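*Asks:* with the sequence up front, the predicted model follows.
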Amino acid sequence: MQKPVIAVHGGAGIWQKERKSAGLSGIKDAAQAGFNILRDGGNALDAVETAVIEMENNEVFNAGYGSALTIDKRIEMEASIMDGKTLNAGAVGLLKDIKNPIRLARIVMETTDHVFITSDGAEKLADLFNLERANPLTKLRIQYWQKLKEQLIHGKVDYLPKLHELVTSYPQLFDLGTVGAVALDKDENVAAATSTGGFSLKLPGRIGDSPLIGCGTYADNEAGASSATGIGEIAIKLVLAKNACDLMRNGSTAQKAAENSINLVNRRMKGGFMGLITVDVTGRIGAAHNSTNLCWAYMTTKMLHPITALSAKVIKEAA
């Protein structure tokens with residue numbers, strides 16, 4: 001068994017050249033920060049939270065600082081976290097200015113009887129625990145929002161419900177940069193965490209897969225852990241993170257589980273970008289996507305530094 005291990009992702013889609021270098025640097029820092037927790041004897045839950053916080057604080061990623069804007073120029077952030085040992089989970093949505101949504105998701109998990117809290121209720125809980133507030137808006141996200149909004153105004157874009165057609169036509173304008181992390185600690189516990197600002201020009205009030213347990217995030221010590229990135233509606237329809245974990249539960253390696261989950265996307269959804277990272281209970285790591293890029297990194301005890309990449313196993317056709 002290889003343990004501890006961690007894998008992180010910074011989003012599927014097309015990574016523009018102005019973001020590539022910063023993206024790779026950011027996921028390297030996130031993987032290193034999370035692995036430092038594991039290396040010092042910490043648990044998987046702390047590791048994935050730490051890794052995601054690192055990315056939420058980095059404006060290159062679409063989570064926390066640097067989140068995408070809704071069609072009416074709001075920010076509505078989402079996050080979830082899950083403990084594979086207990087199956088406890090916490091999730092939050094429709095956050096306006098919480099600096100680190102993943103922190104609030106863990107507070108929901110550990111201090112309430114609930115799993116998922118949104119909007120004003122989540123904001124009030126954040127106040128109770130004195131969570132830091134911060135303006136998530138960045139110049140880059142405003143630029144992306146303006147470009148796509150112009151396309152809509154001039155009637156050049158067919159919007160929802162043909163979301164995958166929109167992404168196919170204008171992938172460079174879409175921010176599918178959900179961030180996430182999965183880990184296995186020295187005690188053989190797994191955990192997963194996911195955070196996002198959603199996608200550009202989403203309708204206000206839209207909830208994606210990232211805060212939905214089983215869709216964007218799942219962890220179970222009897223199977224493994226998974227975090228998804230891409231078009232949330234696809235992951236919701238397929239319960240994609242749970243699907244990957246069920247495959248590992250039934251004997252698939254982490255890599256095969258990731259690949260077969262993306263195969264499922266290709267076969268059933270007929271289009272739409274998705275990516276997935278996984279870790280199984282033996283410490284094997286997996287990553288697959290059908291998008292042009294998947295910004296991701298991983299680290300094990302055999303490595304001095306995290307390995308980073310802008311692609312993993314690309315699955316373009318349904319098996």
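*Replies:* Alright, I've got the coordinates. Numbering: from 1, shown residues only.
*Asks:* and the helices in the stretch 151-300 of the chain?
*Replies:* Under the criterion DSSP state H, counting those that start in this stretch, the stretch 151-300 of the chain contains helices at 163-169, 232-238, 240-249, 254-269.
*Asks:* could you pull out the strands for the chain?
*Replies:* 5-13, 77-83, 89-95, 116-118, 179-184, 190-196, 217-220, 224-230, 274-280, 285-289, 293-300, 307-309, 313-314 (DSSP state E).
*Asks:* relative to I142, which of those strands is closest?
*Replies:* Proximity to I142 (C-beta to C-beta) singles out strand 77-83 among the strands of the chain, at 16.2 Å. (Glycine included, C-beta is placed from N, CA and C.)
*Asks:* the inter-axis angle of the closest one versus strand 89-95?
*Replies:* Angle, strand 77-83 to strand 89-95, by axes from the mean of the first three to the mean of the last three C-alpha atoms, to 10 degrees: 180 degrees.
*Asks:* which strands and helices sit next to strand 77-83?
*Replies:* Under the contact criterion of 3 or more C-beta pairs under 8 Å, 6 or more residues apart in numbering; DSSP states H and E, strand 77-83 touches helix 44-56, strand 89-95, helix 101-111, strand 190-196, strand 217-220.
*Asks:* where does pLDDT dip in the stretch 151-300 of the chain?
*Replies:* Counting by pLDDT under 70, the ranges of the stretch 151-300 of the chain that qualify are 151-177, 271.
*Asks:* comparing the strands of the chain, which comes out most buried?
*Replies:* strand 179-184 (a mean of 36; mean count of other C-beta atoms under 10 Å).
*Asks:* what angle do that one and strand 274-280 make?
*Replies:* Using the same axes, to 10 degrees: strand 179-184 against strand 274-280 is 20 degrees.
*Asks:* tell me which residues are up against stretch 93-104.
*Replies:* Here stretch 93-104 makes contact (C-beta atoms under 8 Å, 6 or more residues apart in numbering) with 49, 52-53, 56-57, 63-65, 74-79, 81, 92, 116-119, 122-123, 125-126, 129, 131-136, 193, 195, 205, 207, 211.
*Asks:* which residues touch M274?
*Replies:* Taking C-beta under 8 Å, 6+ apart, we find M274 in contact with 12, 228-231, 234-235, 240, 262, 265, 289-291.
*Asks:* please read the previous query as pertaining to L137.
*Replies:* Neighbouring residues of L137 by C-beta under 8 Å, 6+ apart: S67, L69, I75.
*Asks:* the same query, at a cut-off of 7 Å, please.
*Replies:* The contact partners of L137, taken as C-beta atoms under 7 Å, 6 or more residues apart in numbering, are I75.
*Asks:* okay, it: pLDDT?
*Replies:* We have a pLDDT of 75 for L137.
*Asks:* do me a favour and get the end-to-end distance for stretch 105-120?
*Replies:* One end of stretch 105-120 to the other measures 14 Å (C-alpha to C-alpha, to the nearest Å).
*Asks:* contacts for it, please.
*Replies:* By C-beta under 7 Å, 6+ apart, the residues outside stretch 105-120 that reach it are 49, 79-81, 88-94, 125, 129, 211, 213.
*Asks:* which of those residues lies closest to T308?
*Replies:* E49 (20.4 Å).
*Asks:* the closest one is in contact with T194, isn't it?
*Replies:* No: the pair E49 / T194 is not scored as a contact, 11.1 Å apart, by C-beta atoms under 7 Å.
*Asks:* neighbours around R39, how many?
*Replies:* Neighbours of R39 under the rule other C-beta atoms under 10 Å: 15.
*Asks:* distance of it from N135?
*Replies:* The gap separating R39 from N135 is 34 Å, by C-beta to C-beta, to the nearest Å.
*Asks:* now render the contacts of M274 as CSV, adding distance to I307.
*Replies:* Below are the contacts of M274 laid out as CSV (distance: C-beta to C-beta, whole Å):
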residue, distance to I307
A12, 18
A228, 21
T229, 18
G230, 22
I231, 27
I234, 27
A235, 25
L240, 24
I262, 20
V265, 25
H289, 16
N290, 22
S291, 19
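*Asks:* all good on my end, thank you.
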